[in-house]
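S.K.: Build the 3D model from these lines:
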Amino acid sequence: MRADVHRRTLGRVKGGLLQLPFLRNYAEPMVSKQAAYSRTLRRLAASCDDYVASRGIRPHLRVLWSPGFNINAFLWVHDGLLSSALRVRGCEIQPMMCGGMPVKECLVYGGLWTGHTIDLEEHVDSCGSQFKQNCANCVRSDVSMWKDTWGHDPIDIAKRILPGDVRDAEDIVASIPHDRWHEFVHGGLPFGSWAEDAVMNNYLMAYIQDHARMFPVARSYLLHMILLNGQYPSILDEYEPDRLISHNNFYYIWNPLCVAASQRGISYYTYWMGGLRDSWAYHRDCPASETNLDETWETWKTLVLSDEQNAKLDKYLAERQQGHTLLLDTTRPLGEGDEVAALRALVDRLDRSKPTFLLASNVCWDAAALNKEAQFENMIRGVIETVKLFGRHPDYQLIVKPHPTEEYPTIPITTHRVSQELRRYLGDPPPNVFLLDVEVPISLYSLADYVDAAVVYTSTVGIEMAMMGKPVITFGRSYYRGKGFTFDTPDVQTYERIIEKVAEEPDSETDRQERIRLSRNFFFLHYFHFHIRSGMYSYDDYDNYPEVHVSSAHDILPGKNKYLDYICDSIIEGKPVFSADRWPPES
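M.R.: The predicted model follows:
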């Protein structure tokens, strides 16, 4: 799943306010549960204070911590434990918080995720009071998490902003052409592009057709961005950190901060939950969600997995196909009905003498899909053009399987859904194209035996199909693109030629086995090294509090947890998390 889906799915939208574990209405029994949970974390923080004081540990490294998603209980645990582990290793921790800005909505609280239904000026204005409540809850959560629980006094960015700063920022935003705000550059930074990502993410879009219509929303994000960026450089210069630790910097709240750190020669480390149970991923000097494993892959692609590793991988794949490893189970059919009967009805319509391809799409607003264009302007356009391509090739067949999250029960419905967009632009699909609506009760894994190849944007389905030996063609910049087990096309003409080649020229067994080997190697690297399961906490549901498995400072000291040691050592020593000869321990 995408980089930030965890903040969305902590609770259903109810009455315009996400009902999140740390931000529910202050009523029993939630308050007592939150209080008990906070006491557990405070005891751990007190133990770290005692350890640092009793050992006379003096800081030798200054670590600045970015504003976070502290409306999320997972971050209270992750950030608290990592910062505490760094403290007992001699780091000084200085967290930051947004503090609340004079904007009408922001990346954390905005769009369809908070009950918005339209994107017009009057709608944004009407939600002002609701946003103020959400914003106050977010500020309260920051203070409760960093100060009251973990004992740090966060830098309140909002308190540094003067009335004149706000007026200047408002004047800048007012001068931006309403139909070209997405092109806006400020201080050499692509603020307009970052705002566009936030709009599409918050309003669950694959593209923005009318930028002028969305300007009332975008200007709030642009104002927020300008105000934050006005303070980031001065905070870095005043505090002079040795390292910056940031939430995944795919979006605008963190991107300007990480850029400013890089400009000052300060390494930054990002972290990302990634939608898997009990795991976090980390990277140096780039968004963790980008899964940049290029350097490490140069070593890994030559390795041979042991029998033990192969067995571990097979077990994980079986569990994944049942949804047991995912926080948001997107493996099962969402529609009601008999999957066997639905699958039989589909198979009866297929001509088994024709090469059959599976197109597995992403959810369009996800960080895994945004800005991943390779030859089409966005994922939806890529799906449309692929269907048209197969319409020109009646001797091939295509099954189109939209991502289940488009209409998942615990999150808002996606604005640009594959089925609706295809019918909008093309009408009924060609007779050799089988479009499965989200509610059709057929899982993706049930289709595998009936297809010969796959076309994907960036979906992990591409790796899984390759591990089954099937040819995979990518039309987006997936994190496994260029790793040797997929066909990665740079333009539309090559895309069509490769589809024709795959359909008409059978693989050699040597090529098939090499595809399986490489894809299994990459999958193992990705899921057992990139995603780290430290064992310090566990969680199997977005709506519940993580269960903490450490109780005192002694549980997070050097030598107690090899995964924690690796990340702390990387940060303290300024080393990359992934390189040609260095990567996290297998977990």
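S.K.: For the helix or strand hosting residue 447, name the packing helices and strands.
M.R.: Taking DSSP states H and E as the definition, residue 447 sits inside helix 444-447. If contacts are counted by 3 or more CB pairs under 8 Å, 6 or more residues apart in numbering; DSSP states H and E, helix 444-447 sits against helix 339-349, strand 356-360, strand 397-401. (Glycine included, C-beta is placed from N, CA and C.)
S.K.: Show me how the protein divides into domains.
M.R.: Following automatic domain parsing, one finds the domains of the chain at 5-280+546-573, 302-530.
S.K.: if we can go back for a sec, can you tell me which of the helices and strands packed on helix 444-447 comes nearest to residue 69?
M.R.: Relative to residue 69, the nearest member of those by CB to CB is strand 356-360, separated by 28.5 Å.
S.K.: and the angle for the very next helix or strand once past the closest one with strand 397-401?
M.R.: The helix or strand immediately downstream of strand 356-360 is helix 379-391, counting by DSSP H and E. Helix 379-391 and strand 397-401 meet at an angle of 160 degrees, taking axes from the mean of the first three to the mean of the last three CA atoms, to 10 degrees as the criterion.
S.K.: Compute the distance from the centre of helix 379-391 to the centre of its chain.
M.R.: Relative to the chain's own centre, helix 379-391 is displaced by 25 Å; criterion: CA atoms, centre = their mean, to the nearest Å.
S.K.: Name the residues of that helix that are buried.
M.R.: 379, 380, 381, 382, 383, 384, 385, 386, 387, 389, 390, 391 (16 or more other CB atoms under 10 Å).
S.K.: Who's the closest spatial neighbour of the last one, skipping the chain neighbours?
M.R.: Looking back up the chat, that one is residue 391. residue 430 (3.8 Å; CB to CB, 6 or more residues apart in numbering).
S.K.: Just give me the neighbour total for the one you found.
M.R.: Other residues near residue 430 come to 17 when the count uses other CB atoms under 10 Å.
S.K.: Residue 58 too?
M.R.: 8.
S.K.: and residue 454, what does it touch?
M.R.: 357, 358, 359, 360, 461, 462, 465, 470, 471, 472, 473 (CB atoms under 8 Å, 6 or more residues apart in numbering).
S.K.: in the stretch 401-550 of the chain, what spans have low per-residue confidence?
M.R.: Applying pLDDT under 70 to the stretch 401-550 of the chain flags the ranges 542-543.
S.K.: Please disregard the earlier target; I meant the chain.
M.R.: For the chain (pLDDT under 70), the answer is 1-34, 115-129, 327-337, 542-543.
S.K.: If you count neighbours, what's buried in the longest helix anywhere in it?
M.R.: Looking across the chain with DSSP state H, the single longest helix is helix 211-239. Neighbour counts over helix 211-239 (16+ other CB under 10 Å) mark 211, 214-233, 235-236 as buried.
S.K.: So residue 161 is in contact with residue 231, correct?
M.R.: Yes: between residue 161 and residue 231 there is a contact at 6.7 Å, judged by CB atoms under 8 Å.
S.K.: burial count for residue 338?
M.R.: Residue 338, neighbours per other CB under 10 Å, totals 11.
S.K.: Phi first, then psi, for the residue lying closest to it once chain neighbours are set aside.
M.R.: Nearest residue to residue 338, sequence neighbours excluded (CB to CB, 6+ apart): residue 441, at 7.0 Å. The phi/psi pair for residue 441 (degrees, to the nearest 10) reads phi -80, psi 60.
S.K.: Could you tell me how far residue 441 is located from residue 459?
M.R.: 20 Å (CB to CB, to the nearest Å).
S.K.: the more surrounded of these two?
M.R.: Comparing residue 441 with residue 459 by neighbour count (other CB under 10 Å), the higher total belongs to residue 459, at 26 against 18.
S.K.: Mind listing the residues bridging to the spatially closest residue to that one that is not a sequence neighbour?
M.R.: Closest residue to residue 459 apart from its sequence neighbours, by CB to CB, 6+ apart: residue 360 at 4.8 Å. Residue 360 has these beta-bridge partners by DSSP bridges: residue 401, residue 456.
S.K.: Number the residues from 773 up from this point.
M.R.: Noted, 773 is the first residue going forward, which turns the last one into residue 1132.
S.K.: Report the separation between residue 1132 and residue 1230.
M.R.: From residue 1132 to residue 1230 the distance is 10 Å (CB to CB).
S.K.: Same check on residue 1339?
M.R.: Taken as CB to CB, the span from residue 1339 to residue 1230 is 26 Å.
S.K.: between these two, which one's more packed in?
M.R.: With neighbours defined as other CB under 10 Å, residue 1339 and residue 1230 compare such that residue 1230 has more, 25 against 22.
S.K.: Might you report the residue contacts of that one?
M.R.: Residues near residue 1230 by CB under 8 Å, 6+ apart: 1134, 1140, 1141, 1144, 1246, 1248, 1249, 1250, 1251, 1253.
S.K.: Please repeat the previous calculation with a cut-off of 10 Å.
M.R.: 1063, 1133-1134, 1138-1142, 1144, 1146, 1151, 1246-1253 (CB atoms under 10 Å, 6 or more residues apart in numbering).
S.K.: Equivalent analysis for residue 907, please.
M.R.: Applying CB under 10 Å, 6+ apart, the residues near residue 907 are 870, 871, 872, 873, 874, 875, 876, 877, 878, 880, 881, 930.
S.K.: now residue 1089
M.R.: Counted by CB under 10 Å, 6+ apart, residue 1089 has contacts 1097, 1217, 1236, 1239, 1240, 1292, 1295, 1299.
S.K.: now do residue 1085
M.R.: For residue 1085, the contact set (CB under 10 Å, 6+ apart) comprises 1077, 1239, 1292, 1293, 1295, 1296, 1299, 1300.
S.K.: Can you point out the buried residues in the host helix or strand of it?
M.R.: For residue 1085, the element it lies in under DSSP H and E is helix 1079-1093. Neighbour counts over helix 1079-1093 (16+ other CB under 10 Å) mark 1081, 1084, 1085, 1088, 1089, 1092, 1093 as buried.
S.K.: Would you check which pair of these lies furthest apart?
M.R.: 1081 and 1093, at 18.9 Å, using CB to CB across those.
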